[in-house]
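Enquirer: after the sequence you'll find the predicted model.
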Amino acid sequence: MAKSAKGRTGDAIITVEALSKSYGDFQALADITMEVRRSEVVCVIGPSGSGKSTLLRCLNFLEVYESGEVRMEGQLIGWEEGKATPRKQLSAAKLRDQRKNIGMVFQQFNLWPHFTALQNVAEALIQVRKLALNEAHDHAGAALEKVNLGDKTGNYPSGLSGGEQQRVAIARAIAMEPRLMLFDEPTSALDPELVGEVLNVMKELAGEGMTMMVVTHEMGFAAHVADRVAFLDKGRLVCCVPPGEIFGRDPADARVRSFLQTYRERNVV
Amino acid sequence: MELDLYVRYGPALLSGFGVTILCWIVGSLGGLVLGFAIACLYQWSGTWLRGALQAYIEVVRGTPFMIQLFILYYGGPYFGLVLDPVPAGILGFMVYGSPYFAEIFRSGFQSFPKGQLEAARCVGIDEWTAVRRIMLPQMLVSITAPLTNFFIILTKETAILSVVTVPELLAETQTMAAETFTYVEPFLVLSLFYWFMVEFTSWLGKRVEARVTRHLQRA
Amino acid sequence: MDFSFQVIIRNLPYLLSAAKWTIALSLVGMAIGLVLGVLICAARVSGNSWLRRAAGIYISFFRGVPLLVQLLMFFYMLPYVGLNLPATVAAVASIGMCSAAYIAEIVRGSLQAIPRGQAEAAEALGIAPLALWRRILIPQALRIGLPSLMNELILLVKVSSLASVVGIGELTRIAQNITGQTYRPLEIYLTAAVIYLVINAVLATAGRAGERRLSIWVGR
């Protein structure tokens, strides 16, 4: 595998410290502490409702949380530095600035239907990175080439399959050259035969050294591509260990065991 | 704001209000009945009659209310229809409203699940009773909102009756304004008045909707 | 009953010429309504509660008062506030302001039909709210709302007849004038009705064609 080719210096790109979030009475996340290192791929797995997506969305502040900190390369995301209580959210402009470096891929693709694939990828380059139209289109074209859609740049989302749409979504995120990529169940909305093409693109990205955090049900991907696997249950981080400790042999924790048990009964891991 | 002006014109304004409400209620209900008849005819008739009804709907919906009123009131005598302003206004309302009501009922008919009538037939209930007891009460659910909307539109259309000399509220207000040389104030009051009527009708409609959809509320 | 086609043929040119004013009033009124309506809609859905309330009152007022009353009030009020607008401009402005209230609601409904995820994707990429509105939300809202917007335009064509009351020389006014000279209300008003019908039929057909062509862009 190309893993050893990645420059893993071990420094943390993103650190999460005592993150907690609730919706009214329901505790979605409880006291999560973890980190993702440079060029690492961390897969987040766990039962439905365990808070996986919520955790991901807290990282780029799409969800606002009550306590805890998320820092990217030392910089606090979403909140103003300082000891003020209650703490103040960053201004919208500053938050947008931070989000430039974090890419996100959604379960429902969220492509803009009135733009072609090329226009979808180029839009943020024009509006956020302020590139000129031609430059933006060149960059966008290159990103689409990377996800093997160089011949479909002129297609509208309605003229693309689910797998192709998700790859356009990935291209849209990587065109911004983010330092961290977040994937929120990227293949859950796809027909089974289209899942592979998306996972392959993600594998390639990982091989090139992109720092990635992936919420997924694709255990094969977690087992073979992840550097570490984080298991969430009822909002708590049960463990965050190399895949071998979970998939290879009998996992230590009972919750992980029972989760993988039902999984194995229905699928091939 | 000179109150004695309003006191002096009070009776005239009140009469205008009365005419507005009369035309609105009688005209709307008349249009509703006519529209219902058209929708029923449309549902259960052949292509020839359907085409004619469709043409009627298109023609009335494609022309301004004012022109329709002119044709009925000023043109009427030329084909034997001589009416006073108020009856002409009411008739105009009925004609103007009928296609919209027809469309509301037609889509209500179409969106009703046919299976329920079949089920009724299977247990032996006859067609007419089934329509009356099962279809119509439930259709109320889907048509209440569009009906309320259109009733509100019709409250505002009453103002247009003034152009064929119907002595409704706008006409009386204009008379008062012209005779007292105060234009802005009476019209402001008039506006607030229509605004209130619209909000009230809307509120009423919401309550009717709540009552009609009661059986759909989750416990 | 004697029905004279002669009268119709002789006066048709005048009626058709006046119809141009009807179309002009409707189109310009619609244009004003679109621009103003989008702005009011933006206020209506904004985060600022004052803006929201103000927009709500605007929409409620202009949809709650008959347009005829609005027109008359507007015309009577102008001298009081010292504005001396030509009658046509005042009429179009009044129609536009009324239309804006309805269009604001149409756009608001259309915006709600756009999946929330599209705005989220833009947020995640760091796209600013203004760009999000301008490039992603409004273009789609206008396409989604096209049937209702087309309806609004057809309504404006009919409602332009009210401008006759304030003396604007559109189709209804001219028809009234000609009737006053020829004493042939039936023939003249029926002809006017037909002209309105034709205009609206053309608009309805254009609207349906436009809907078909734009349907590839609208969502899944």
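Expert: Structure's in. What do you need?
Enquirer: how about stretch A:27-47 as CSV, C-alpha atoms only?
Expert: The C-alpha coordinates for stretch A:27-47 follow below in CSV (Å, rounded to 0.1, in the frame of the first residue of the first chain):
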residue,chain,number,x,y,z
GLN,A,27,-27.1,14.1,24.6
ALA,A,28,-25.7,13.7,21.1
LEU,A,29,-22.0,13.9,21.9
ALA,A,30,-20.5,13.4,25.4
ASP,A,31,-17.0,14.5,26.2
ILE,A,32,-15.2,13.5,23.0
THR,A,33,-11.4,13.9,22.9
MET,A,34,-9.4,12.8,19.9
GLU,A,35,-7.0,14.0,17.3
VAL,A,36,-6.3,13.4,13.6
ARG,A,37,-2.7,13.6,12.6
ARG,A,38,-1.3,14.9,9.3
SER,A,39,-2.0,12.5,6.4
GLU,A,40,-3.9,10.2,8.6
VAL,A,41,-7.2,8.6,7.6
VAL,A,42,-9.5,8.2,10.6
CYS,A,43,-12.8,6.3,9.9
VAL,A,44,-15.6,6.8,12.3
ILE,A,45,-18.0,3.9,12.8
GLY,A,46,-20.8,3.0,15.1
PRO,A,47,-24.5,2.3,15.4
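Enquirer: buried ones in it?
Expert: A:28-30, A:32, A:34-47 (16 or more other CB atoms under 10 Å in any protein chain shown). C-beta: built from backbone N, CA, C; applies to glycine.
Enquirer: show me those that map onto strands.
Expert: Members of the buried residues of stretch A:27-47 lying in strands (criterion: DSSP state E): A:28-30, A:32, A:34-37, A:41-45.
Enquirer: low-confidence stretches in the chain?
Expert: No chain in the question, so chain A it is. Counting by pLDDT under 70, chain A shows low-confidence ranges at A:1-10, A:267-269.
Enquirer: ah, I was thinking of chain C
Expert: Scanning chain C for pLDDT under 70 picks out the ranges C:1, C:215-220.
Enquirer: how about the residues of it near chain B?
Expert: Residues of chain C found near chain B (CB under 8 Å from any CB of the partner chain) are C:1, C:60-61, C:63-70, C:72-73, C:76-77, C:80, C:154, C:158-162, C:164-165, C:172, C:175-176, C:179, C:185-186, C:189-190, C:192-193, C:196-197, C:200-201.
Enquirer: give me the buried entries from these.
Expert: C:61, C:63-70, C:72-73, C:76, C:154, C:158-162, C:164-165, C:172, C:175-176, C:179, C:185-186, C:189-190, C:192-193, C:196-197, C:200.
Enquirer: go through the host helix or strand of C:Ala91 and flag the buried ones.
Expert: Counting by DSSP states H and E, the element that carries C:Ala91 is helix C:87-113. Applying a neighbour-count criterion of 16+ other CB under 10 Å, one finds C:88, C:90-108, C:110-111 buried in helix C:87-113.
Enquirer: and stretch C:113-124, by the same measure?
Expert: C:Ile114, C:Gln118, C:Ala119, C:Glu120, C:Ala121, C:Ala122, C:Glu123, C:Ala124.
Enquirer: which SS class is the closest residue to A:His137 other than its chain neighbours?
Expert: Excluding the flanking residues, the one nearest A:His137 by CB to CB, 6 or more residues apart in numbering or on different chains is A:Ala122, at 5.4 Å. The three-state label given to A:Ala122 by DSSP: H, G, I helix; E, B strand; the rest coil is helix.
Enquirer: tally of neighbours for A:Ala122?
Expert: A total of 27 residues lie near A:Ala122 under the criterion other CB atoms under 10 Å in any protein chain shown.
Enquirer: can you check the one 4 residues further on too?
Expert: Burial of A:Ile126 is recorded as 20 neighbouring residues (other CB under 10 Å).
Enquirer: list the contacts of it.
Expert: Counting by CB atoms under 8 Å, 6 or more residues apart in numbering or on different chains, A:Ile126 touches A:Leu133, A:Ala136.
Enquirer: do B:Ile67 as well
Expert: C:Ser161, C:Thr172, C:Ala175, C:Tyr189, C:Ala192, C:Ala193, C:Tyr196.
Enquirer: which of those residues lies closest to A:Gln165?
Expert: Nearest to A:Gln165, judged by CB to CB, of these is C:Tyr196 at 45.9 Å.
Enquirer: nearest residue to the closest one in space, please, no chain neighbours.
Expert: B:Thr63 (4.9 Å).
Enquirer: could you do B:Phe105 as well?
Expert: Nearest non-adjacent residue to B:Phe105 (CB to CB, 6+ apart): B:Ala39, at 3.6 Å.
Enquirer: torsion angles phi and psi at that neighbour?
Expert: Main-chain torsions, B:Ala39, degrees, to the nearest 10: phi -60, psi -40.
Enquirer: check contacts around it.
Expert: B:Ala39 touches B:Phe101, B:Ala102, B:Glu103, B:Phe105, B:Arg106, B:Gly108, B:Phe109, counting by CB under 8 Å, 6+ apart.
Enquirer: closest point of the stretch 1-150 of chain A to chain B, which residue?
Expert: Closest residue of the stretch 1-150 of chain A to chain B, CB to the nearest CB: A:Gly24 (19.9 Å).
Enquirer: now that residue: how far from A:Leu56?
Expert: 21 Å (CB to CB, to the nearest Å).
Enquirer: which one of those two is surrounded by more residues?
Expert: A:Leu56 (20 against 5).
Enquirer: thanks again, I'm all set now.
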